[in-house]
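J.: Task: produce atomic coordinates for the following.
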Amino acid sequence: MEILSQKLNPLFGRNEVEIMINSAKTPSESEIEKIIADKFSSNVENVKIRQIKGKFGRNEFLIKADIYQTPELKQKFGVIKKRNRRKKKGAAK
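T.: Prediction:
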């Protein structure tokens, strides 16, 4: 695992990181959350994966993630995926 960039964003209370991971197959979000939480001494609940990007034929994956200071900040500022937003709308009816 190689840390490409790391930026502290105090406005949103998060640390924005880009890392490169070598793996034989595409790692799952839960695996990546555990790796990032261990590396940055944080809780798994505070990690939000924004993107997993791999190139065909390579075992390298670019991961963009946000590490929030608290789970409440993650809930407040974390992006809700479009399909999850629809589920919440449908549940409110």
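J.: isn't V17 right up against Q51?
T.: No. Contact status for V17 versus Q51: not in contact, 11.5 Å apart, counting by C-beta atoms under 8 Å. C-beta coordinates here come from the backbone N, C-alpha and C atoms, glycine included.
J.: Show me whatever sits in contact with both of those two.
T.: K64 (C-beta atoms under 8 Å, 6 or more residues apart in numbering).
J.: Which one's more surrounded, these two?
T.: Applying other C-beta atoms under 10 Å to V17 and Q51 shows that V17 carries more neighbours, namely 20 against 10.
J.: Give me the buried positions along the host helix or strand of that one.
T.: Using DSSP states H and E, V17 maps to strand 14-22. By 16 or more other C-beta atoms under 10 Å, the buried positions in strand 14-22 come out as R14, N15, V17, E18, I19, I21.
J.: and of those, the nearest to Y68?
T.: Each of the buried residues of strand 14-22 was checked against Y68 using C-beta to C-beta; the closest is R14, at 4.7 Å.
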